[in-house]
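# I'd like to go over a predicted model; first the sequence, then the structure.
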Amino acid sequence: MPYRVLIVGLGQIGLGYDLQLDPALRVYSHARAFSQHPVFELVGGVDGSEKQRALLTNTYGCPAYSDLRSALAQQVVDVLIIAAPTPLHGVVLEEVLSLGQPKAVLCEKPLSYDVAEARAMVQSCRKHGVALYVNYMRRSDTAAIEIRRRLDDNLITGPVKGLCWYTKGFKHNGSHFFNLLEYWLGPMVGFQVIDPGRQWDGGDAEPDVHISFRNGSVVFMAALEEAFSHYTIELLASNGRLRYEQGGQQVQWQAAIPGELRGYTVLSGEVESLPNGMHRYQWHVAEQVAAALGGRSHHLCSGAEALVTVENIQSIIDTRAKLLAA
């Protein structure tokens, strides 16, 4: 029996990102990922927009509901996906747990903009015996998993030093790369705000900040989203350089080798490209959810790990606010 999946929120990540793209080549939405994966059955969606509900039904042949209560009254759900706007995450989860008990909840990132709400969400799922995961999808990609393996096996020798460029807010998009670096380098152990930066779109802060992780340090720098989106990480190890470009669509390793001049070590001209699946990133998340439900090892971000990300980012934002007030 396939696991039955319900999507709450039929916006871009829930449904829209890949509607106009070849389904054999691109999988960017939850609807396409869980409808394609053989372990799952997409049984419906929930959205207040009649247009979005019609799009889901016409594209995937499953019912769509205007409210969660109606959906759960008619569907048995194993996996519930929360793809509603971030301010609604806690409300949706609370309603889900009051109406039923799925095996797992996959929530969009960040878990919440509010630390207290994020803690309550983790505690509620723990209390009800529901596995909670957060959709930091890069952790499910083959290249990111390979980087973690190489770091763990000391094939990329730490501690590393790095630079991360991000745009569109530290909580909103910066959290993707903060969480990825926690996955690679271990927990944050300290930070220093270099420049408080601006507020993106009047809300989300964009500080420049130096962050120390257990196995390395990375400077986060905010670029200008209105100029162009820019998401890249460069890590320097004692045995080479890792470049994680275009949000993970291009990942390269250059090993350190003896140079022509005696006593010098340089980066090799030969570049190793690490295979990635970012053109089908949401399918890989579905694959990791299948592994988790099957009791196998997986690389999903747990609710508890996502809570740590929220807490760490908020501590940086709070320090930024104090600097601005001083």
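Everything's here; your move. Just so it is clear, the model here is predicted, and its values are computed rather than measured.
# So Glu234 sits against Val160, correct?
No: using Cβ atoms under 8 Å, Glu234 is not in contact with Val160; the gap is 9.8 Å. Bear in mind the C-beta positions are built from the backbone N, C-alpha and C, glycine included.
# The two: which has the busier surroundings?
Val160 (22 against 16; other Cβ atoms under 10 Å).
# Next up, the contacts around that one.
Applying Cβ atoms under 8 Å, 6 or more residues apart in numbering, one finds that Val160 lies in contact with 185, 215-217, 235-237, 242.
# can you tell me which of the residues you listed are in strands?
The subset of the contacts of Val160 located in strands under the criterion DSSP state E comprises 216-217, 235-237, 242.
# And those residues, which of them are buried?
Of the members of the ones in strands among the contacts of Val160, the ones counted as buried by neighbours, 16 or more other Cβ atoms under 10 Å, are 216-217, 235, 237, 242.
# Spatially, which two of the contacts of Val160 are the most separated?
In terms of Cβ to Cβ, these reach their longest pairwise distance at Ser217 and Leu242, which sit 14.5 Å apart.
# Give the buried residues for the longest helix belonging to the chain.
Determined from DSSP state H, the single longest helix within the chain is helix 303-325. Neighbour-count burial for helix 303-325, counted by 16+ other Cβ under 10 Å, picks out 303, 305-310, 312-314, 316-317, 319-320.
# Check stretch 192-209 too.
Neighbour-count burial for stretch 192-209, counted by 16+ other Cβ under 10 Å, picks out 193, 196-197, 200, 204-209.
# Name the nearest of those relative to Ser112.
Asp204 (13.6 Å).
# Roughly how far does that closest one sit from Ser229?
Between Asp204 and Ser229 the distance, using Cβ to Cβ, to the nearest Å, works out to 14 Å.
# In terms of pLDDT, where does Gly202 sit?
According to the predicted model, the pLDDT of Gly202 comes to 73.
# again with Met1
What the model reports as pLDDT for Met1 is 87.
# what sits against it?
Neighbouring residues of Met1 by Cβ under 8 Å, 6+ apart: there are none.
# Give me the common contacts of Glu234 and Val160.
Contact with both Glu234 and Val160 is made by residues Leu242, according to Cβ under 8 Å, 6+ apart.
# Show the contacting residues for the most centrally placed residue in the chain.
Nearest to the mean C-alpha position of the chain, by Cα atoms, centre = their mean, lies Tyr136 at 1.4 Å. Tyr136 is in contact with 109, 175-176, 179-180, 183, 301, 306, 309, counting by Cβ under 8 Å, 6+ apart.
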